[in-house]
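J.: got a predicted structure here, sequence first:
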Amino acid sequence: MAERHELRKLAIVPAYNEEGMVGRVVREIKREAPDFDVLVVDDGSTDRTAAEAEAAGATVLRHPFNIGIGGAVQSGFKYALRRGYDVAAQVDGDGQHKPAYLPDLLAALHTEGDEADMVCGSRFRGDPGYKVPWGRRLGNLIFSVVLTAITRQRITDPTSGFRMTNRRGIELFARDYPHDYPEVEALLMLHAHRLRLHEVPVRMNARGFGSSSIDYPRSAYYMAKVLLAIFVGVFRRPAAPDGEPEAPVGGAATVTPGPGAGAAGGSAR
Amino acid sequence: MSVALLPLLGAETLDIRVRVAAVIATALMLAFVLELVRRRRLAERYALVWMIVATTLLVLAIWTRLLGLAASALGIAVPANALFIAAFGVTFLLLLHFSVITTRLSEETKILAQEVARLDSELRAARGQGANGAQPAEPEREPSSPATADQ
């Protein structure tokens, strides 16, 4: 109800060799959520991902080589911080996330107002939209139980990368973002920094190209790694102290969207 | 190193052939490390660790009694076991050390890749290339007008 038009919103699309898909994702975001700027982070693709994204009208950051999903998403948050965005969403470049839900996430971020700093799209608060493989469900369930216990808040889909965060989340993740499989650890960081999480039911598509069969040894390793990260993470020293990040772009007032806050933090270099 | 000298340094506990072999091997290792440093293939700060390891092994190979003394001081019956334990400990610490270095390097590499991507994007924008040429130059544009989004 309050005027939110002044908020600057960014959709971060991490993409690694997503030729044939990334262009579709960009166009769909522009169609379903036209008030979002689209940033594709091309994480060292060897195909035409960057060109395709650019042709579809996205701004493109090109990593010189592949540094992994965590580094790619963090690149997006750094960009959002530099350019003074108030809201940043992650929409995977493989087409799994449906941009049509962006307005839902945004609405939750806003109606929650002072209660949510990040909104996660959850497959498990309703119909997932596709048949989630049992291995993935099981892994997700384990993380869900552990995270729910740690955060004392019901988290149903901790591996979902379909997320949206406000200025506080942007500042946090621009400073420090987990590495290989960052979704679960990012939730812990959020909790450790007293930022608040809210889940919204969404449907997703099955992952873009084939291989829905999971690589079992690898996912076992993944489970072990993330569980270790969870237990270490509880005691881990934060990479950067709380407070002002380097090179703030004059947007301190936009942390919580207040009435008539000067939301468009100047970002000119 | 004359073989005739070795018995003077003590300890008949070890077969002379083993000792000669050990001395030659450790001397070669030391020489190899020095050569790597000389060719700038190995930075001094890492070479130092290896040179300490090689020198220690060389000293132990020549002065066998030292190992026996150290072993009995620690209450280890067989001197060779003291050597194994020490070697294992040193190896473990070195590997851990390299894991720490690798972690730091990959973190730095990640930041460099992100910075390169940023500079590349800003450079292309400044040159007005690409579909998003002018976009970043106008950060204050009105997001409420959807006209800018679709073309």
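T.: Great, that's in hand.

J.: burial count for A:Val184?
T.: 26 (other Cβ atoms under 10 Å in any protein chain shown). Glycine gets a C-beta too; all of them are placed from N, C-alpha and C.

J.: can you pull the contacts of it?
T.: Residues in contact with A:Val184 (Cβ atoms under 8 Å, 6 or more residues apart in numbering or on different chains) are A:143, A:147, A:158-159, A:226, A:229-230.

J.: looking at those, which one is closest to A:Ala100?
T.: Nearest to A:Ala100 among the contacts of A:Val184: A:Thr159, at 20.9 Å, using Cβ to Cβ.

J.: quick check: the closest residue to B:Ala77 other than its chain neighbours vs B:Arg41, distance?
T.: Leaving aside its chain neighbours, B:Ala77 sits nearest to B:Ala71 (7.6 Å; criterion: Cβ to Cβ, 6 or more residues apart in numbering or on different chains). With distances taken as Cβ to Cβ, to the nearest Å, B:Ala71 is found 36 Å from B:Arg41.

J.: the more surrounded of those two?
T.: Counted by other Cβ under 10 Å, B:Ala71 and B:Arg41 do not tie: B:Ala71 has more neighbours, with 19 against 9.

J.: in three-state terms, label that one for me.
T.: For B:Ala71, the assignment made with DSSP: H, G, I helix; E, B strand; the rest coil gives helix.

J.: gap between it and B:Arg65?
T.: Distance of B:Ala71 to B:Arg65, given as Cβ to Cβ: 10 Å.

J.: flag the shaky bits of the chain, pLDDT-wise.
T.: Going with chain A. By pLDDT under 70, the low-scoring segments of chain A are A:1-5, A:111-114, A:180, A:208-216, A:233-234, A:236-269.

J.: nope, chain B
T.: Ranges of chain B meeting pLDDT under 70: B:1-14, B:129-151.

J.: in it, which helix is the longest?
T.: helix B:79-126 (DSSP state H).

J.: now for it, which elements pack on it?
T.: The helices and strands touching helix B:79-126, judged by 3 or more Cβ pairs under 8 Å, 6 or more residues apart in numbering or on different chains; DSSP states H and E, are strand A:59-62, helix A:69-82, helix B:44-62, helix B:64-73.

J.: can you do 6 Å?
T.: strand A:59-62, helix A:69-82, helix B:64-73 (3 or more Cβ pairs under 6 Å, 6 or more residues apart in numbering or on different chains; DSSP states H and E).

J.: is any residue of the first one near chain B?
T.: Yes: looking at strand A:59-62 against chain B by Cβ under 6 Å from any Cβ of the partner chain, the contacts come from A:59, A:61-62.

J.: quick check, central residue of the chain?
T.: Let's take chain A. Nearest residue to the geometric centre of chain A (Cα atoms, centre = their mean): A:Gln90, 3.5 Å.

J.: I was thinking of chain B, sorry if that wasn't clear
T.: B:Phe98 (4.6 Å).

J.: so how far is stretch A:219-234 from its chain's centroid?
T.: Averaging C-alpha positions (Cα atoms, centre = their mean, to the nearest Å) puts stretch A:219-234 19 Å from its chain's average.

J.: hang on, I meant stretch A:18-27
T.: Using Cα atoms, centre = their mean, the offset of stretch A:18-27 from its chain centre is 18 Å.

J.: what do you get for stretch B:21-34?
T.: Its chain's C-alpha centre and that of stretch B:21-34 lie 19 Å apart, by Cα atoms, centre = their mean.

J.: and stretch A:172-184, by the same measure?
T.: Computed by Cα atoms, centre = their mean, the chain-centroid distance of stretch A:172-184 equals 10 Å.

J.: which element is the closest residue to A:Arg154 other than its chain neighbours on?
T.: Setting aside the residues directly before and after it, A:Arg154 is nearest to A:Thr148 in space (Cβ to Cβ, 6+ apart), at 5.5 Å. Secondary structure from DSSP states H and E places A:Thr148 in helix A:134-151.

J.: next secondary structure after that helix?
T.: Sequence-wise, the next helix or strand beyond helix A:134-151 is strand A:163-165, with elements assigned using DSSP H and E.

J.: now the angle between helix A:69-82 and the next helix or strand after that following strand, please.
T.: Next in sequence after strand A:163-165, counting helices and strands by DSSP H and E, comes helix A:167-175. With axes from the mean of the first three to the mean of the last three Cα atoms, to 10 degrees defining the directions, helix A:167-175 sits at 130 degrees from helix A:69-82.
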